[in-house]
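K.L.:
Fold the following and give me the result.
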Amino acid sequence: MCGIIGYTGVNNALPFLLSGLERLEYRGYDSAGVYVHTDDDKDVLVKSKGRVKDLEDKVEKEAEHISGKSGIAHTRWATHGAPSVENAHPHVSADGRFYLVHNGVIENYLQLKSEYLSDVAFKSQTDTEVAVQLVGKFSDQGMDTLSAFRKMISLLDENSAYAFLMMDAEDPDLLYTAKSKSPLLVGVSKDANVVTSDASAVLKLTKDFIELHDGEIAVVSKTDVSLYDAEGNKFTREPFHLNIDPAAADKGAYPFFMLKEIDEQASVARKLIQHYFDNDLPKIDTNILDAIKKSDRIYIIAAGTSYHAGLIGRRFFEKWAGIPTEVHVASEFAYDQPLLPKKPFFIFISQSGETA
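P.N.:
Take a look at the predicted model:
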């Protein structure tokens with residue numbers, strides 16, 4: 001349930017990064033951090049255990065007046081290493097040059113740590129620090145930043161999941177980002193380009209986004225986005241426009257997102273009915289209906305609240321479709337899959353990193 005946000009542009013990055021983290025609070029987290037390269041060529045890193053408000057209070061005490069046109073920030077939900085300031089992101093390479101945030105899990109991090117980084121003094125217990133230390137190691141060996149970033153990614157095993165966002169303090173106008181099995185978007189606008197794991201965090205700046213596919217890398221400047229495929233070939237992809245009201249992703253007058261979402265249930269139900277029904281008849285893609293009819297078992301894969309929705313959905317699928325239906329927790333399904341029939345039909349309900 002971690003959150004990523006990055007900014008490079010013409011305005012001060014810090015207020016944008018902190019407000020973006022506030023909009024990611026609904027995802028749940030145990031710590032947060034922010035890094036900004038300042039206009040007077042300094043590196044400011046502030047991390048805090050607890051809420052984004054705790055981070056904001058710490059920034060106000062330690063770095064209230066910093067101004068810089070680029071930076072990255074993160075909210076963390078602990079996987080490797082307990083919730084702590086040391087384990088919070090961003091993590092920094094041993095030479096202090098590279099700063100990196102990460103969503104996902106690097107499955108072979110212990111192997112990489114032993115094979116490549118036995119001489120590095122680690123400051124955290126996270127798999128993420130292994131990634132940034134590898135970039136620093138390869139840079140020291142003479143690689144340029146993009147090559148070092150790509151080399152690090154190439155060493156991750158196929159079961160790893162990642163959304164990376166990295167900055168090089170020697171070239172701070174650029175954001176290096178890549179993803180596999182974990183969501184990440186590049187937002188584009190006239191005055192800045194941004195990177196985020198959730199579009200809702202940046203809707204007040206832009207509604208135009210470039211989607212990254214698994215294995216792809218983007219190098220983002222304040223005026224341009226360079227895309228590379230898994231083999232390192234450069235390509236282009238047009239942005240898509242997200243037609244959504246920024247207020248829908250904001251807490252507004254509510255103290256908590258949960259209260260807001262409870263009150264919005266009636267209006268959300270009305271919108272769903274308007275979209276999916278026509279004169280009381282459901283509008284569902286015939287390809288989906290045909291696939292369900294041909295299946296001999298339905299599997300709903302979800303996590304958290306989505307899992308509970310799946311449990312309710314199971315009753316209706318069995319009642320209306322007459323097909324046996326199972327619901328599985330996504331994080332467990334990845335490691336303990338049932339014996340599948342010849343014609344399974346899968347439904348993935350994604351609201352979380354576990355489902356991804």
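K.L.:
Quick check: the residue of the chain positioned farthest from its centre vs L21, distance?
P.N.:
When distances to the mean C-alpha position of the chain are computed (Cα atoms, centre = their mean), the maximum falls on N279, with 38.7 Å. Plainly put, N279 is 44 Å away from L21 if you go by Cβ to Cβ, to the nearest Å. Every residue, glycine included, has its C-beta placed from N, CA and C.
K.L.:
now swap in G136 and tell me
P.N.:
25 Å.
K.L.:
Which one of the two is surrounded by more residues?
P.N.:
Neighbour comparison, G136 and L21: the larger count goes to L21, with 25 against 22 (by other Cβ atoms under 10 Å).
K.L.:
got the contact list for the more buried one?
P.N.:
L21 makes contacts with 3, 5, 32, 34, 52, 55, 73-75, 201, as judged by Cβ atoms under 8 Å, 6 or more residues apart in numbering.
K.L.:
If we use 6 Å, what do you get?
P.N.:
32, 52, 73, 75 (Cβ atoms under 6 Å, 6 or more residues apart in numbering).
K.L.:
Show the pLDDT at it.
P.N.:
Here the pLDDT value assigned to L21 is 92.
K.L.:
That one sits in which helix or strand?
P.N.:
For L21, the host element (DSSP states H and E) is helix 13-23.
K.L.:
just how off-centre is the host helix or strand of T75 within its chain?
P.N.:
Counting by DSSP H and E, the element that carries T75 is strand 70-76. Distance, stretch centre to chain centre, for strand 70-76: 11 Å (Cα atoms, centre = their mean, to the nearest Å).
K.L.:
Please tabulate the contacts of L21 in a markdown table, including the columns pLDDT.
P.N.:
What follows is those, written out as a markdown table (pLDDT from 0 to 100):
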| residue | pLDDT |
| --- | --- |
| A32 | 94 |
| V52 | 91 |
| A73 | 97 |
| T75 | 93 |
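K.L.:
Scan the residues you listed and report the most crowded one.
P.N.:
A73 (32 neighbours).
K.L.:
any residues touching the strand holding T75, and which ones?
P.N.:
2-8, 13, 17, 21, 24, 29, 31-37, 88-90, 101, 165, 167, 172-173.
K.L.:
And the next helix or strand past that strand?
P.N.:
strand 91-92.
K.L.:
What's the first helix or strand after that following strand?
P.N.:
Counting by DSSP H and E, what follows strand 91-92 is strand 98-105.
K.L.:
quick one: that next one to strand 70-76, angle?
P.N.:
Angle between the axes of strand 98-105 and strand 70-76 is 30 degrees (criterion: axes from the mean of the first three to the mean of the last three Cα atoms, to 10 degrees).
K.L.:
ok, strand 98-105: who's next to it in the sheet?
P.N.:
strand 91-92 (antiparallel), strand 161-168 (antiparallel) (DSSP bridges).
K.L.:
among these, which is nearest I106?
P.N.:
Evaluated over the strands paired with strand 98-105, closeness to I106 peaks at strand 161-168, with 6.7 Å, by Cβ to Cβ.
K.L.:
that's a helix at A266, yeah?
P.N.:
Yes: according to DSSP: H, G, I helix; E, B strand; the rest coil, A266 belongs to a helix.
K.L.:
Quick check: the two most widely separated of the contacts of L21?
P.N.:
Pairwise across the contacts of L21, and taking Cβ to Cβ, the largest span is found between V52 and A73, at 9.2 Å.
K.L.:
And for G28, the neighbour number?
P.N.:
14.
K.L.:
do D278 as well
P.N.:
9.
K.L.:
Bridged to it, which residues?
P.N.:
L281.
K.L.:
Quick one: the helices in the stretch 251-356 of the chain, in order.
P.N.:
Using DSSP state H, counting those that start in this stretch, the helices of the stretch 251-356 of the chain run over 257-263, 265-276, 286-294, 305-316, 330-333.
K.L.:
now the last one, how far from the centre of its chain.
P.N.:
Counting by Cα atoms, centre = their mean, helix 330-333 is centred 19 Å from the centre of its parent chain.
K.L.:
any idea of the mean pLDDT for it?
P.N.:
pLDDT averaged over helix 330-333 gives 85.
K.L.:
So, low pLDDT: which residues of the chain?
P.N.:
Within the chain, the ranges that satisfy pLDDT under 70 run 1, 64, 249, 351-356.
K.L.:
Report the central residue of it.
P.N.:
Most central in the chain (Cα atoms, centre = their mean) works out to S197, at 3.2 Å.
K.L.:
how near is that residue to Y29?
P.N.:
For S197, the distance to Y29 - Cβ to Cβ - is 12 Å.
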